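# How does the following fold in three dimensions:
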Amino acid sequence: KSWVKKIVKAILFIFILLLFSLLCLPYFYKDNIAEYIKNESSNFIDADLVFDGIDVFALKSFPKLTVELDALKLIGKNKFKGVELINVQQVAVELDLLDILIHNKYQLNKLNVKRPIVNLITLEDGSVNYDIYITDDENQSSNTVEDASPFEFKIKTYSIENANLNYIDKSYSIQLIMDSLYHNGSFVLNGDSYEFKTNTNALDLTLSYDEIKYLNKTNLDLKFNGVIEFIGDDLVLEIIENQIKLNRFNFGLEGSFKMLADDYDMDFTLTTPNQSFKDFYSIIPGAYRQDFDQLEAKGNFGFDGHLKGVYNDEIFPSFQFNLITSDAFVQYPGYNHAIDDVNLSLKTSYPGGSNLDLLDVNLEQLNLSFLNSTLAMSLRALELESDPKIKANLNAELKFDDIIKVIPIDSSEISGMLNTNLKVDGQYSSIEKEEYDQFNASGLFELSQFHFASKDFDQTLSISGLMFDIKPNILELTKMNAQFGESDFSLTGT
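You can find the predicted model right below:
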């Protein structure tokens, strides 16, 4: 029996020695491994992959293996030569050797990305810096026999810490910036199906189009659970659970999205459960401030919509959106007066198809008042593509001195008085044809003793008097006396 024990001990010793050698190999050859990774990456991506070093940790946590890459960068080529697509402080991956070698489970226990900076750029000609994957047509032969069982890969948990995302589309003048971005979740690949469970938070979200900021330094919280599946040449996205929070405003999207060969087929429903007027007010530009919790805002609120159909170069999906507030008011902390009687009803609809004249924009009412000032307006716009048909009313008595008594306007001065009573009803073609009897337009627009100064502008603007007399066949400037900076000017005319 002793010789049996000696043989067993010898086998165990050899196994331990081999295992120890296997685990030590990465330490002795990590420079070679790093060089191999850099060289092989050129076969798959059309960008330069660089990183400072690679570290492997296994002895203390066996059978778990941790690999870390420091100062990883993807740098563009050709049109984007020298432009960093990704710059990451550190990437750390943890996997279980037994899962891979013994149980044939291809999975990562953890994936952590620290302080990444991502720059996604689209040029005027449509070129993008993130289309870097190199396809190998030779490896996609139709004679390839697929495995009987689909390939499975899982990331149990992944996280992205303190990221900065910059998306710049010069072809459409769109810019999206997300700073202090944190993202975590899990990922499962099963054949052609990709399942995501994710949570995202960004402390600073800015979205602009044509240099107009629609979201400015907005807080974002996003929960998205969904499945992406490739069916033939089509991509199908199914939203299982989705909640989006912008500042205090929560809304959700339900539905599906299909990316077809030449079309996009979508079916989305927008919901805003249990949202108040104050929640909605938080996304008004400039309204979400440090003291927003102390702001008092009440009123009825409703917002819903849907988007359904096919989108391509010629046709658009159908949609309908409804935004309604009634009997609302807002009062800022530290202010004695409120914005009262806020009533808004906006409905937009389109039946789908290629005829954009069927788009209907209907601002049924926008009313509000504060102190001695009132504003009331409505607008209906039809046939916007071929021959715009507009019906609008604007009645306002605004004392600009009152504005600073109800709304914080930092580092700005404004005063003066606006009186207007405008009515427009007709089609643009009537003006072109000089058929003024078919186009109803009337009213006055008067601005008096107006003054505006801001730290953002070097010059001040003062208008002692400005008056327009509006008629169907004439727009008469009866007076204009103004000063911009040190320049004075006066105008009259038609």
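
# Based on its surroundings, how many neighbours for residue 346?
17 (other Cβ atoms under 10 Å). Bear in mind the C-beta positions are built from the backbone N, C-alpha and C, glycine included.

# repeat for residue 330
Neighbours of residue 330 (other Cβ under 10 Å): 23.

# wait, it sits on residue 284?
No: checked against Cβ atoms under 8 Å, the pair residue 330 and residue 284 is beyond contact range at 9.3 Å.

# phi, psi of residue 81?
phi -60, psi 130 (degrees, to the nearest 10).

# Least confident secondary structure element in this structure?
Least confident helix or strand of the chain, by mean pLDDT, DSSP states H and E, is helix 2-41 with a mean of 52.

# any idea which helix or strand comes after that helix?
Using DSSP states H and E, the next helix or strand after helix 2-41 towards the C-terminus is strand 48-50.

# Please identify the buried residues of that following strand?
Going by neighbour count (16 or more other Cβ atoms under 10 Å), the buried part of strand 48-50 is 48, 49.

# name the helices or strands packed onto that strand?
Contact here means 3 or more Cβ pairs under 8 Å, 6 or more residues apart in numbering; DSSP states H and E; on that basis strand 48-50 packs against helix 2-41, strand 64-75.

# So for residue 445, what's the pLDDT?
pLDDT, residue 445: 91.

# hang on, I meant residue 148
53.

# average pLDDT for the top strand by length along the chain?
Scanning the chain for the longest strand, with DSSP state E as the assignment, gives strand 212-231. Predicted confidence along strand 212-231 averages 90 (mean pLDDT).

# What would that strand look like as PDB? C-alpha coordinates only.
Output of strand 212-231 as PDB, limited to C-alpha atoms (Å, rounded to 0.1, in the frame of the first residue of the first chain):
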ATOM      1  CA  ILE A 212     -30.000  75.200 -29.500                       C
ATOM      2  CA  LYS A 213     -29.800  73.400 -26.100                       C
ATOM      3  CA  TYR A 214     -32.900  71.300 -25.500                       C
ATOM      4  CA  LEU A 215     -31.500  69.700 -22.400                       C
ATOM      5  CA  ASN A 216     -28.800  71.500 -20.400                       C
ATOM      6  CA  LYS A 217     -26.900  69.900 -17.500                       C
ATOM      7  CA  THR A 218     -29.800  67.500 -16.800                       C
ATOM      8  CA  ASN A 219     -29.700  64.600 -14.400                       C
ATOM      9  CA  LEU A 220     -30.400  61.300 -16.100                       C
ATOM     10  CA  ASP A 221     -31.500  58.000 -14.500                       C
ATOM     11  CA  LEU A 222     -32.300  55.200 -17.000                       C
ATOM     12  CA  LYS A 223     -33.300  51.600 -16.400                       C
ATOM     13  CA  PHE A 224     -33.400  49.400 -19.400                       C
ATOM     14  CA  ASN A 225     -34.100  45.600 -19.600                       C
ATOM     15  CA  GLY A 226     -34.500  44.200 -23.100                       C
ATOM     16  CA  VAL A 227     -33.600  41.700 -25.800                       C
ATOM     17  CA  ILE A 228     -31.900  42.300 -29.100                       C
ATOM     18  CA  GLU A 229     -32.300  39.400 -31.600                       C
ATOM     19  CA  PHE A 230     -31.000  38.900 -35.100                       C
ATOM     20  CA  ILE A 231     -33.500  37.100 -37.300                       C
END
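
# Return the list of strands paired to it, each annotated with direction.
With DSSP bridges as the test, strand 212-231 is paired with strand 193-209 (antiparallel), strand 234-246 (antiparallel).

# Tell me which of those sits nearest to residue 409.
Smallest distance to residue 409 across the strands paired with strand 212-231 (Cβ to Cβ): 20.9 Å, for strand 193-209.

# picking up where we left off before, need the strands paired with strand 212-231 in a markdown table (columns: mean neighbour count and mean pLDDT).
Shown next, in a markdown table, are the strands paired with strand 212-231 (neighbours: other Cβ atoms under 10 Å; pLDDT from 0 to 100):
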| stretch | mean neighbour count | mean pLDDT |
| --- | --- | --- |
| strand 193-209 | 16 | 93 |
| strand 234-246 | 16 | 91 |
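
# which one of the ones you listed lies closest to residue 372?
Closest among the strands paired with strand 212-231, using Cβ to Cβ: strand 234-246, at 33.7 Å.

# Could you give me the buried positions within the helix or strand following the closest one?
Counting by DSSP H and E, the next helix or strand C-terminal to strand 234-246 is strand 249-259. Going by neighbour count (16+ other Cβ under 10 Å), the buried part of strand 249-259 is 249, 250, 251, 252, 253, 255, 257, 258.

# Now the residue nearest to the last one when sequence neighbours are not counted: which helix or strand?
With Cβ to Cβ, 6 or more residues apart in numbering as the measure, residue 265 is the residue that lies nearest to residue 258, at 4.1 Å, once sequence neighbours are left out. Under the criterion DSSP H and E, the helix or strand holding residue 265 is strand 264-271.

# list the helices and strands that strand packs on?
Taking 3+ Cβ pairs under 8 Å, 6+ apart as contact, the helices and strands that strand 264-271 lies on are strand 249-259, strand 296-311.

# what angle sits between the first one and strand 234-246?
Translated: strand 249-259. Counting by axes from the mean of the first three to the mean of the last three Cα atoms, to 10 degrees, strand 249-259 lies at 170 degrees to strand 234-246.
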